[in-house]
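Visitor: curious how this folds, go ahead:
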Amino acid sequence: MSVLTEFLTDQGIEYRLNVSLKELSSFKIGGNAEIICYPKSANKTSLLIKFCNERNIKYLPFGKCSNVLFPESGIKSLIIKTDKMNSTGFENGLFSFGSGVMLAKASKYTIDNGYKGMEFAYGIPGSVGGAVYMNAGAYGGEMSQCVEKTEYVDSTGNICVIEKDKHDFSYRHSFFSDGRYVITKTFVKLEKGDVDSSLQLVEQLQNLRKTKQPLDMPSAGSVFKRPEGYYAGKLIEDCGLKGYKVGGAMVSTKHCGFIVNFNNAKSEDVKKLISVIKDTVLEKYGVKLECELKFIED
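Guide: Got it, this is the predicted structure:
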């Protein structure tokens, strides 16, 4: 550990020790992380990953941790958080966002500059990097519709740029889903729009979220991907599982596609509840639900 902290200090990379993962996770579940660091650039991230490879130090990259489930046992690997990569810009017709920029901030920035196309992202509680990683979307919009190119650091520490179709976007999937990469910056291309119209659309979508999503309790958003021809939430509700509980975890009574932490839930509570849901839906409807939630293991 001392070798790692010395390196981080020498490189001017901020770090924290023994951090509660409940602080990081939107689910408010998990043990402690031994060490978390916050590189501010692709260059610093590159140096860090090369150092980790040389020293056989395990690492896990994260954005805002809004769709992950951490274990109670905690994380011993180095956690690389992208929070400090938070630049915004606009040049040559492209918006640029550091991977740590919150989607709401990115969306508002594009609207304020008179462009449309990212209104859907305003209420998604994650970072730009995480959204690109999983091709996040809502209400008919998704990142694949606007991402032009993405800068990232690969598993050997090389700084790379991927463009357009090379992102391999599909439903809740991208090129980054299949590898060990740290997204550092994304470039977005949008069409000119009307500020007032965009703000009205954002307000409409926010009102929909408030009426349909359990925003008053910790969760990780939609737990399951949308099965072809169905809606996961409706299948779960039709199985009579609305409000079903395992320990401190519960199927939301507002939207059955969400699992909420209503009473100090443990990661095992969530996992057991997910198993009940998947088994019940498969038995009753023959539909195999696939998790959108990421289970983190050290």
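Visitor: how about V188, phi and psi?
Guide: V188 adopts backbone torsions of phi -120, psi 140, taken as degrees, to the nearest 10.
Visitor: could you tell me how many residues sit around it?
Guide: For V188, the count of nearby residues is 25 (other CB atoms under 10 Å). (Glycine included, C-beta is placed from N, CA and C.)
Visitor: for it, which residues count as its bridge partners?
Guide: F95, V147 (DSSP bridges).
Visitor: residues touching it, list them.
Guide: 94-97, 106, 110, 118, 146-148 (CB atoms under 8 Å, 6 or more residues apart in numbering).
Visitor: okay, it: pLDDT?
Guide: In this prediction, V188 carries a pLDDT score of 98.
Visitor: any idea how far it is from N43?
Guide: Noted for V188: a distance of 22 Å to N43, by CB to CB, to the nearest Å.
Visitor: and the strands in the stretch 151-298 of the chain?
Guide: Ranges of strands in the stretch 151-298 of the chain, per DSSP state E, counting those that start in this stretch, are 159-163, 182-188, 191-192, 219-222, 245-246, 249-251, 258-261, 294-295.
Visitor: turn the ones you listed into a markdown table, including distance to I236.
Guide: Shown next, in a markdown table, are these (distance: least, CB to CB, whole Å):
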| stretch | distance to I236 |
| --- | --- |
| strand 159-163 | 36 |
| strand 182-188 | 31 |
| strand 191-192 | 37 |
| strand 219-222 | 11 |
| strand 245-246 | 14 |
| strand 249-251 | 6 |
| strand 258-261 | 10 |
| strand 294-295 | 19 |
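Visitor: between those strands, which one is nearest to D279?
Guide: The closest of the strands of the stretch 151-298 of the chain to D279 is strand 245-246. By CB to CB, the value is 12.5 Å.
Visitor: what sits up against that closest one?
Guide: 251, 262, 269-270, 272-273, 276.
Visitor: okay, which residue is most central for the chain?
Guide: Centroid check for the chain by CA atoms, centre = their mean gives G130 as the closest residue, at 4.0 Å.
Visitor: please, which helix or strand holds it?
Guide: Taking DSSP states H and E as the definition, G130 sits inside helix 128-134.
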